[in-house]
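> One predicted model, sequence on top.
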Amino acid sequence: MRQAGRCLPEYRAIRKHHSLLEIVRQPELCAEVTLQPVDRLGVDAAIVFSDITLPFFGLGIDFEIQSGVGPVVDRPVREPADVERLAVFDPLSDVAELLEAIALIRRASAVPLIGFAGAPFTLAAYLVEGRPSRRFHLVKGFMHQHPVAWRELMERLTDATIAHLTAQVEAGAQALQVFDSWIGALSPSDYRESIQLHMERLFGGLPDVPTIHFGTDTAGLLPSMVAAGGDVIGLDWRIDLDRGWEIAGDRGVQGNLDPVVAAGPREVAERQTRAILAAAGGRRGHIFNLGHGVLPHTPVENLKRLVELVHEETA
Ligand code: 1CP
């Protein structure tokens, strides 16, 4: 997750001269940045360099990615009429360069390539809040105050996400990750009532490649998220991997080292990595990963060592 993040010096060197959106719009540059963590860390898969907010331009929403903040939307969605003014996202024209980058990456590397998109709730969080939020009061408020407009918003974002992911597979992506990063802000009953049906439609509408369903703070939501779909369930560090896997049942699991631990003392990171592998117990279907994105101050050497350790232990 956000593998390139801000922790690789070669990424930072490129970011000195190009904004994130500029990188995504230049297929050669996007391919280069996508493969940096693969070359440097030896991870087993690449995730295309993009951002979940990229489809916003196609929806007619102007935004910028502010450094040290994240995505900031020009005119947030605050009223039902704002939902009606959203345009229809067409990946072939709206993210053509990204699709070109995917084809380039496939030609340049034999490592499997993961495409991704944001899930409807997490996209709506940025559209309604207008910027990164911790409490999500505005988006949750919108959901309860305007149930009809909310449903319309979820339907449109579900359509956009299916189109975005399908186009990435057609361009060459071999697996898909759906990021519902902020879904943990909801109660289990609100998830079941206002989100789950859209997530079911989303997973049901994807091409036949392996899918990863990821969120954070989801310990209480996992049964519903598993029911909604995904071949692999992403777990953050707030639940023991074996406990999360019990809930995921016959699916695979991805996770779940705390990013702070990956950034911290090497011995602690190694010990906790071994503990996660022990909890997986050699079962098929575990993708070792952090429970969320790499923190920018993470020493590259720590990440290299963890990749090596996982390879040694699971050889
Ligand atoms: O190679 C890679 O680094 C992967 C590319 C990638 C991915 C998978 C980026 C580039 N963004 C994402 C997904 C993404 N973007 C998610 C889902 C994953 C997660 O939960 O981390 C989310 C929530 C975003 C939104 C976003 N974009 C944030 C979070 C803001 C918040 O609400 O806290 C931020 C900081 C960004 C900017 C961004 N996108 C990507 C990078 C490397 C960065 C860092 C900034 C930079 O280099 O300028």
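Nice, thanks for sending it over. Residues are numbered from 1 along each chain as shown.

> For residue 254, list each beta-bridge partner.
Here residue 254 sits in beta bridges with residue 234, residue 287, as judged by DSSP bridges.

> So what's the residue count around it?
Neighbours of residue 254 under the rule other Cβ atoms under 10 Å: 25. C-betas here are computed from N, CA, C, even on glycine.

> can you offset everything so residue one is 672?
Yep, numbering from 672; the last one is residue 925 now.

> my guess is it contacts residue 906, does it?
Yes - using Cβ atoms under 8 Å, residue 925 and residue 906 qualify as a contacting pair, with a distance of 6.8 Å.

> residue farthest from the centroid of this protein?
The C-alpha centroid of the chain is most remote from residue 752, which lies 28.6 Å away (Cα atoms, centre = their mean).

> which secondary structure element contains that residue?
Assigned by DSSP states H and E, residue 752 belongs to helix 751-755.

> residues from the stretch 772-921 of the chain in reach of the ligand?
When proximity is defined by Cβ under 6 Å from any ligand atom, the stretch 772-921 of the chain lies next to the ligand at 787, 803, 850, 852.

> Repeat the analysis, applying 5 Å as the threshold.
If contacts are counted using Cβ under 5 Å from any ligand atom, the residues of the stretch 772-921 of the chain sitting beside the ligand are 803, 850, 852.

> Going through those residues, which ones are buried?
Among those, those classed as buried by neighbour count (16 or more other Cβ atoms under 10 Å) are 850, 852.

> what's the helix holding residue 752 packed up against?
For helix 751-755, the elements it packs on are helix 818-842, judged by 3 or more Cβ pairs under 8 Å, 6 or more residues apart in numbering; DSSP states H and E.

> so what strands line up beside the helix or strand that comes right after the helix it packs on?
Remark: after helix 818-842, the chain's next helix or strand is strand 846-851, criterion DSSP H and E. Strand 846-851 pairs in its sheet with strand 784-789 (parallel), strand 882-886 (parallel), by DSSP bridges.

> Pipe those into TSV and attach mean pLDDT per row.
Listed next are the strands paired with strand 846-851 as TSV, based on pLDDT from 0 to 100:
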stretch	mean pLDDT
strand 784-789	98
strand 882-886	98
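
> okay, those in CSV with distance to residue 961 and mean neighbour count next?
Supplementary listing: the strands paired with strand 846-851 in CSV, determined by distance: least, Cβ to Cβ, whole Å; neighbours: other Cβ atoms under 10 Å:
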stretch, distance to residue 961, mean neighbour count
strand 784-789, 15, 24
strand 882-886, 11, 25
